[in-house]
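J.: Okay, sequence plus prediction incoming.
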Amino acid sequence: MRKILVGSIAAIFILAGAAYAQPAKTQRSAASLECSRQADEKGLHGKARKKFRSKCLKQAKKTG
């Protein structure tokens with residue numbers, strides 16, 4: 001009985017720790033959303049999308 005109780009308590013602590021370890025969702029900037037929207041319009045995926053978004057975000061930092 002004691003082993004079951006200890007095992008249950010340990011499982012609860014492990015699961016609770018995993019819940020707290022989840023990263024917090026961050027807000028995306030307006031520039032990031034706009035660059036993503038433009039990439040979607042162009043139908044970009046994979047490396048081409050990453051390259052486009054990188055250039056787009058650099059331009060957004062320079063102009064804004």
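T.: Great, that's in hand.

J.: Can you tell me the SS state at residue 44?
T.: Under DSSP: H, G, I helix; E, B strand; the rest coil, the three-state class of residue 44 is coil.

J.: swap that for residue 34, please
T.: Criterion first, three-state DSSP; result for residue 34: helix.

J.: List of residues touching stretch 52-62?
T.: 31-32, 34-36, 38-39, 42, 44 (C-beta atoms under 8 Å, 6 or more residues apart in numbering). Every residue, glycine included, has its C-beta placed from N, CA and C.

J.: Show the buried residues in the residues you listed.
T.: 31, 35-36, 39, 44 (16 or more other C-beta atoms under 10 Å).

J.: will you turn the residues you listed into CSV that also has distance to residue 59?
T.: Formatted as CSV, the buried ones among the contacts of stretch 52-62 follow (distance: C-beta to C-beta, whole Å):
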residue, distance to residue 59
31, 9
35, 9
36, 14
39, 13
44, 16
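
J.: Make TSV out of those and add pLDDT.
T.: TSV is the format used below for the buried ones among the contacts of stretch 52-62 (pLDDT from 0 to 100):
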residue	pLDDT
31	93
35	95
36	96
39	97
44	97
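
J.: nearest to residue 2, of these?
T.: Nearest to residue 2 out of those is residue 36 (C-beta to C-beta; 54.5 Å).

J.: Now the closest one. Nearest residue, chain neighbours left out?
T.: residue 53 (6.8 Å; C-beta to C-beta, 6 or more residues apart in numbering).

J.: Which helix or which strand is home to the one you found?
T.: Counting by DSSP states H and E, the element that carries residue 53 is helix 46-63.

J.: Distance from the chain centre to that helix, please.
T.: From the chain centre to the centre of helix 46-63 is a distance of 18 Å (C-alpha atoms, centre = their mean, to the nearest Å).

J.: quick one: buried residues of it?
T.: By neighbour count on 16+ other C-beta under 10 Å, the buried set for helix 46-63 is 49, 52-53, 56-57.
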